[in-house]
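Student: Predicted model, plus sequence, below.
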Amino acid sequence: MTKENITTGANITREKMIQLLNEDLAGEYQAIIAYTVYSQVLKGAAYTDIARELEAHAGEELAHAIKIAKQIDYLGGMPCVTPKPVKTSNDPVEMLRADLENERATVGRYRERIRQAEAMGEFALSETLREIIVQEQDHEIDLSAALGINVPHAKTPAHGKNGQSQLKDTHAPRR
Ligand SMILES: [Fe+2]
Ligand SMILES: [Fe+2]
C-alpha cells in the first residue's frame, strides 16, 4: 500500500479500514457524551429549542456508534471502547461551537471514508456511512442555526502538497 492510496481511497487494506472506523467510532462516543451532557446543562430561554434538539442528536449518535461497531465487527475487527476527549464548558456558545467543530471534522472524515469504502468494493459499508453523513450534516445545520451562522465547510482530513495523508499514523509523509 502506498501513501497515495490513503488519500485516494484506492484499495486500502481491511486492517486500515478497521483502524479508521475505530477512530470514527471514538468520535461517535464523544458525540454521544457531549450531546447527553450539553442538552441537560444548556440553560436559558434562548436555548430551550436547541437543548431539545441536542437531546435528539444524542440518540442519533448512539445509533451511528452501533452501525459503525457493526461494520467493524463485520470486517473482523474489535470495536474500540474509548471516546475521543469531550470539551467541558459552562458557556452555551462555547458548547455549541465545540459540537459544531466536532461535526465538521466528522463530516470530513466520513466523506473520505465513503470514497475509501467504495474503492474497496465495500458498498454496504458505503451505504451505511452515507446514511450517517446525512444526519451529521443535519446536526451541523441545527448547530449553525442556533449559533446564527452559516454552515461552515466540512473539515477535510489534512493532506500534503502531493496529496499525501497527514493523518497522525504510520503513513504521515516524511519531510
Ligand atoms: Fe454521528
Ligand atoms: Fe453528529
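Tutor: Okay, I see it. These figures come from a predicted structure and were not determined experimentally. Ligands and ions are numbered 1, 2, ... in the order given.

Student: Quick check, the residue in the protein closest to ligand 1?
Tutor: Of all residues in the chain, residue 64 sits closest to ligand 1, at 3.5 Å by Cβ to the ion. The C-beta positions use only the backbone N, C-alpha and C, and glycine is treated the same way.

Student: Report the secondary structure element holding that residue.
Tutor: When secondary structure is defined by DSSP states H and E, residue 64 falls within helix 48-74.

Student: Low-confidence stretches in the chain?
Tutor: Residue ranges of the chain with pLDDT under 70: 1-10, 158-175.

Student: What residues does it have near ligand 1?
Tutor: 28, 61, 64 (Cβ under 5 Å from the ion).

Student: sorry, back to before: what's around the residue of the chain closest to ligand 1, how many residues?
Tutor: Residues lying near residue 64 (other Cβ atoms under 10 Å) number 25.

Student: which residues does the nearest residue to residue 89 once chain neighbours are set aside contact?
Tutor: Spatially, and ignoring its direct neighbours in sequence, residue 89 is nearest to residue 95 (5.3 Å; Cβ to Cβ, 6 or more residues apart in numbering). Shown in contact with residue 95 (Cβ atoms under 8 Å, 6 or more residues apart in numbering): 34, 38, 41, 42, 87, 89.

Student: Now which of those would you call buried?
Tutor: By neighbour count, with 16 or more other Cβ atoms under 10 Å, the contacts of residue 95 hold 34, 38, 42 as buried.

Student: count of residues packed around the nearest residue to residue 14 once chain neighbours are set aside?
Tutor: Leaving out its chain neighbours, the residue that sits closest to residue 14 by Cβ to Cβ, 6+ apart is residue 75, at 5.5 Å. Neighbour count of residue 75, defined by other Cβ under 10 Å: 15.

Student: Good, wrapping up.
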